[in-house]
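> sequence below, structure please.
(2 chains, ligands or ions: 3)
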Amino acid sequence: MAEFKLMKGNEAMAEAAILAGCDAYFGYPITPQSEVLEYLAREMPKHNRIVMQAESEVASINMVYGAAGAGFRTMTSSSSPGISLMQEGISYIAGAELPCLIVNVNRAGPGLGTIQPGQGDYFQSVKGGGHGDYKMIVLAPASVQEMADFVYLGFDLADKYRNPVLLLSDGAIGQMMEKVEFKPYTRPVVDKSTWATTGKPKSRNRNYITSLFIQPERMEVHNLKLEEKFKQIRENEVRFEEINTTDADYLFVAYGLSARICQKAMDIAREKGINIGLLRPITLYPYPYQRLQELASQVKMMLSVELNSGQMVEDVRLGVNGKVPVEFYGRMGGMMPTPEEIVHHLETLIQYHHVN
Amino acid sequence: MSTEQHILPGPVPVLNLPPCHTEEEYEMVYHKPATMVDTTMHYCPGCAHSLVHKLIMEVVEELDIQEKTVGVAPVGCSVFAYDYMDIDMQEAAHGRACAVATGIKRLMPDKYVFTYQGDGDLAAIGIAETLHAINRGENICIVFMNNAVYGMTSGQMAPTTLPGMHTTTSPDGRDVSYYGAPIKVAELMANLPGAFYVTRQAVNSANAVRRTKKALLNAFKYQPLHKGTCLVEIIGNCPSNWKMTPVEASRFIDEEMVKTFPLGDIKIPGAEDMKIY
Ligand SMILES: Cc1ncc(C[n+]2csc(CCOP(=O)(O)OP(=O)(O)O)c2C)c(N)n1
Ligand code: SF4
Ligand SMILES: [Mg+2]
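Ligands and ions are numbered 1, 2, ... in the order given. Prediction:
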C-alpha cells in the first residue's frame, strides 16, 4: 500500500536524491532552495554520501564536474542568480558529456530580483544558457510529487544520454507542502568504465574528461556527435500532460506553477461554457512541438500563460507555425495571476479574434 | 668530414666505418618514465611545463600509483597535459581545478589527486577555489606553475608578474601602485591550517630540478596521511613570453624571480604530523 508523506517540494526532491542513490551533492545557500542543502547536510552523512557546502555556485558546479567525471551520481541545486553563475561549468559538463542533475528553483529577476517564484529562466534553461552548442534535458515539475519523481527520471536520463539534466522548478513548488509518495525505484545499470577517471589500470588506456577540441575538424565532429544525441533526445524524450483536450476549442499552454493556475482557470472557463483544454509540457527541452502542431488543427486559439514577460510562447508559436493565433498572458516579478484574471483575459482575446 | 656536408643536397656519401654498436652493448642510464606518453609535446623550447610533467610522472612511476592517480589540468599552456601523462585526467575550466579535484577526491579518498595550475589560473580567476580547497585541507597535491605571465594567451600580466616587469598588458612595466604587488601564493596559503606542506622550487638548473623532484615526491607521499593540502609552487621558465632565450630565462629566475619569490620550504610537516593514527 502506498505510503504518503507531507513534505515541502525542496525536501521531497532532496529525499528522492538519496533514494535515487545520489553519491554527492554540492551546493551553496540561496533562497528559495536552501532547504535542499540543509536537508542533505543532515541526511546524506547517515547514508555515507558526500554533501558539501561549496564556497560559491561556481565551485559547486565544478565539484559536480569532478565527481561526475569520476563516474559518480552527482547533483547540485540553486536558484536563478546561482544558476547564472554556473553556466560556464554547465557548458563544460555538456561539452565533456558528463551526466549530472542540476536543480533550479526559479525566482524572479533580473538581477537580484525577488525571492518570489518566477519562470523567467525559461530561455536560459532550454536554449543553452552557457556558451556554445549544447542542450540540457529540462524537466518541469508541477507538484511536490513530481519534484520527487523527476529526480529519479532526471538521473536516469542524464546517465542514458551522458548529458546534464535540469530540473526547473520554482519558488512555489519548492516551498509548498503536499503529500508525496516515494515510489520504489530500481537504478538502471550503466557502464561508466570506458570514460570515468577512476585511475588507469595497466589493462586499459587512460580515460580523460575534456571539452577541448583544438582542431576545427575534430571540434565539428564532436559538435555533430552532440547534435545527433540531441536529435535522439528530441525523438524519444518528449513528455507532456493533456487535460480536457479532446473537445477543446481553445488551449492553455503552461508548465509548472502556471499550469496549476491554468487548471483552475480551465474549470472556471468551462463553467462559463468555454471549451478550453490544457497542454502542460513536462519536458521543456525537448519541447512538444509535434503535439502542438496537431492540436493547432483542432483548436481556434492558444494562450501561453507564464510567470515572465513571454518566453515559452515563442516555442508554442514555433510548434503552431501560424496555423492559429497564439497569445500570451503573464505576470512578473513574483506576482501570481489569479485564475479569474486569466479567464478574463481569455474572454477578451476570444472576442478580439472573433474565434468563438 | 664536417656535419654541414650532410645537409647539402645530393646523395649522402657512403662511409667506410666499422659497424655500429648494438643496443645490448649499451647500459641504459636514463629513460623517461613509462607513465609518460611517447609523443611530441607542444611546449616551446626551454619551457618548464614539459620538465615538470616528466617529474610528476617519475613520481607516479616510482611510487607505483598509476592506477590510483587522477590529475586535473585546467586551461593554460598545460591544458593538454592529458596528452602527455599516461594517467586518468580531467581538463578543468579556467581557475576551477581545485573545485574539480575536490569533487574527485571527496568521492575517491584513497586515490592520489593532483592539480596542475598556472599562476593566472590559480592566483587570479581561481584564487577562491584554491584558498577554500586548502582551507578545507583537501588531501590533494597542488602543483602551481608560476611563470609570472599568462602563457597561453601570449604574455599578459599575471597576479605574479614582477614589479616593473614588461608584459603585453603592462607595456611600461608592472606598476605596483596601480595593480598591487605580486601575490606570493605559497606564503599566503601556508597560513591556512589546512595546508600541510608548502614549498617553492624552480627547475632552471640540475640541482633545482632534483629539489623539485624531491618536493613532488614528498607531496605525493604525504597524500595517504590525509593530513591536508600539499602545495608545490614551481617557478617556471616561459622564455617565449619573457622574450628571452632558454638560457637567459634560467638566469632571469636566479637573478630576478627569486627576489620576489624566494625558493625553499615554507611549511613542512613536523614529526608529530607524520604519525598515522
Ligand atoms: C573563463 C575564461 N577566461 C579566460 C580564458 C582565457 N585564458 C586561457 S589560459 C589563460 C591564462 C593562462 O595563464 P596561466 O594560468 O598562468 O597558465 P600558463 O599558460 O602561463 O601556464 C587565460 C586568461 C579562459 N579560457 N576562460
Ligand atoms: S608560452 Fe611559455 S608557458 Fe607556454 S609553452 Fe611557451 S614557454 Fe611554456
Ligand atoms: Mg602563467
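> show me the helices in the stretch 51-200 of chain A, by range?
A:57-69, A:80-85, A:87-95, A:122-126, A:144-161, A:171-175 (DSSP state H, counting those that start in this stretch).
> with mean pLDDT and mean neighbour count as extra columns, can I get the ones you listed in a markdown table?
Glycine gets a C-beta too; all of them are placed from N, C-alpha and C. As requested, these are arranged in a markdown table below (pLDDT from 0 to 100; neighbours: other CB atoms under 10 Å in any protein chain shown):
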| stretch | mean pLDDT | mean neighbour count |
| --- | --- | --- |
| helix A:57-69 | 98 | 31 |
| helix A:80-85 | 98 | 21 |
| helix A:87-95 | 98 | 24 |
| helix A:122-126 | 98 | 21 |
| helix A:144-161 | 98 | 23 |
| helix A:171-175 | 96 | 25 |
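> right, and the ones you listed - which one's nearest A:I137?
helix A:144-161 (5.2 Å; CB to CB).
> now stretch B:210-229 - C-alpha only, PDB.
In PDB, the C-alpha atoms belonging to stretch B:210-229 read as follows (Å, rounded to 0.1, in the frame of the first residue of the first chain):
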ATOM      1  CA  ARG B 210      66.400  17.500  -8.200                       C
ATOM      2  CA  ARG B 211      65.000  19.500  -5.400                       C
ATOM      3  CA  THR B 212      61.700  20.000  -7.200                       C
ATOM      4  CA  LYS B 213      61.500  16.200  -7.800                       C
ATOM      5  CA  LYS B 214      62.100  15.600  -4.100                       C
ATOM      6  CA  ALA B 215      59.400  18.100  -3.200                       C
ATOM      7  CA  LEU B 216      56.900  16.500  -5.600                       C
ATOM      8  CA  LEU B 217      57.800  13.100  -4.300                       C
ATOM      9  CA  ASN B 218      57.100  14.300  -0.700                       C
ATOM     10  CA  ALA B 219      53.800  15.900  -1.700                       C
ATOM     11  CA  PHE B 220      52.600  12.700  -3.200                       C
ATOM     12  CA  LYS B 221      53.900  10.600  -0.300                       C
ATOM     13  CA  TYR B 222      52.000  12.700   2.200                       C
ATOM     14  CA  GLN B 223      48.700  12.300   0.500                       C
ATOM     15  CA  PRO B 224      47.700   9.000   2.100                       C
ATOM     16  CA  LEU B 225      48.200  10.500   5.500                       C
ATOM     17  CA  HIS B 226      45.000  12.500   5.000                       C
ATOM     18  CA  LYS B 227      46.600  15.500   6.800                       C
ATOM     19  CA  GLY B 228      45.800  18.300   4.400                       C
ATOM     20  CA  THR B 229      46.800  20.000   1.200                       C
END
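> packing partners of the lengthiest helix in chain A?
In chain A, with assignment by DSSP state H, the single longest helix is helix A:216-236. Where contact means 3 or more CB pairs under 8 Å, 6 or more residues apart in numbering or on different chains; DSSP states H and E, helix A:216-236 is packed against helix A:87-95, helix A:144-161.
> who does the helix or strand just after it touch, helix- and strand-wise?
Next helix or strand after helix A:216-236 toward the C-terminus (DSSP states H and E): strand A:240-243. Strand A:240-243 sits against helix A:256-271, strand A:276-281, with contacts defined as 3+ CB pairs under 8 Å, 6+ apart.
> now with 10 Å?
strand A:250-253, helix A:256-271, strand A:276-281, helix A:289-296 (3 or more CB pairs under 10 Å, 6 or more residues apart in numbering or on different chains; DSSP states H and E).
> identify whichever of these lies nearest to ligand 3.
helix A:256-271 (45.7 Å; CB to the ion).
> just the buried positions in the closest one, please.
Within helix A:256-271, the residues that count as buried by 16 or more other CB atoms under 10 Å in any protein chain shown are A:256-263, A:265-266, A:268-270.
> rewinding a little: redo the helices of the stretch 51-200 of chain A as CSV? Include distance to A:R291.
Putting the helices of the stretch 51-200 of chain A into CSV (distance: least, CB to CB, whole Å) gives the following:
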stretch, distance to A:R291
helix A:57-69, 32
helix A:80-85, 28
helix A:87-95, 26
helix A:122-126, 16
helix A:144-161, 19
helix A:171-175, 23
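> can you put the ones you listed in TSV and add distance to ligand 2?
Shown next, in TSV, are these (distance: least, CB to the nearest ligand atom, whole Å):
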stretch	distance to ligand 2
helix A:57-69	23
helix A:80-85	29
helix A:87-95	22
helix A:122-126	35
helix A:144-161	36
helix A:171-175	46
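> with only the CA atoms kept, save stretch A:260-269 in CSV.
Below are the C-alpha coordinates for stretch A:260-269, written out as CSV (Å, rounded to 0.1, in the frame of the first residue of the first chain):
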residue,chain,number,x,y,z
ARG,A,260,-1.6,24.6,-11.9
ILE,A,261,-3.2,28.1,-12.0
CYS,A,262,-4.4,27.4,-15.6
GLN,A,263,-6.1,24.2,-14.4
LYS,A,264,-8.2,26.2,-12.1
ALA,A,265,-8.8,28.8,-14.8
MET,A,266,-9.9,26.0,-17.1
ASP,A,267,-12.6,24.9,-14.6
ILE,A,268,-13.9,28.4,-14.4
ALA,A,269,-13.9,28.9,-18.1
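> so which residue of the stretch 151-277 of chain B comes closest to chain A?
B:M152 (11.4 Å; CB to the nearest CB).
> does that residue really touch B:A73, like I thought?
No: between B:M152 and B:A73 there is no contact under CB atoms under 10 Å: 11.7 Å.
> what do the two both touch?
B:V79, B:G118, B:D121 (CB atoms under 10 Å, 6 or more residues apart in numbering or on different chains).
> tally of neighbours for the first one?
Yep, that's B:V79 we're talking about. Counted by other CB atoms under 10 Å in any protein chain shown, the residues lying close to B:V79 total 21.
> and it, what is it in contact with?
A:T210, A:L212, A:I214, B:H42, B:A73, B:E91, B:A92, B:H94, B:Y116, B:G118, B:D121, B:M152.
> pLDDT wise, what is the first one at?
At A:T210 the predicted local confidence, pLDDT, stands at 98.
> wait, it touches B:D88, no?
No: checked against CB under 10 Å, the pair A:T210 and B:D88 is beyond contact range at 11.8 Å.
> residues of the stretch 101-250 of chain B that sit close to ligand 2?
Within the stretch 101-250 of chain B, the residues that sit near ligand 2 (CB under 6 Å from any ligand atom) are B:N147, B:G151, B:C238, B:P239, B:S240, B:N241.
> roughly how far apart are the fourth one and B:A101?
Think B:P239. Between B:P239 and B:A101 the distance is 29 Å, computed by CB to CB, to the nearest Å.
> the two: who's more crowded?
Each of B:P239 and B:A101 has its neighbours counted (other CB under 10 Å); B:A101 has more, 31 against 20.
> which one is the residue of chain B found nearest ligand 3 nearest to, not counting chain neighbours?
Among the residues of chain B, B:G118 lies closest to ligand 3, at 3.8 Å counting by CB to the ion. Distance criterion CB to CB, 6 or more residues apart in numbering or on different chains; nearest residue to B:G118, sequence neighbours excluded, is B:G76 at 3.7 Å.
> same check on B:S250?
B:N204 (3.9 Å).
> residues contacting the residue of the stretch 101-250 of chain A found nearest ligand 2?
The stretch 101-250 of chain A approaches ligand 2 most closely through A:I214 (14.0 Å), counting by CB to the nearest ligand atom. By CB under 10 Å, 6+ apart, the residues touching A:I214 are B:H42, B:V79, B:F80.
> might one say that B:Q156 is in contact with B:T168?
Yes: B:Q156 is within contact range of B:T168, at 5.3 Å (criterion: CB under 10 Å).
> so for those two, which residue has more residues nearby?
Per other CB under 10 Å, whichever of B:Q156 and B:T168 has more neighbours is B:Q156, with 16 against 13.
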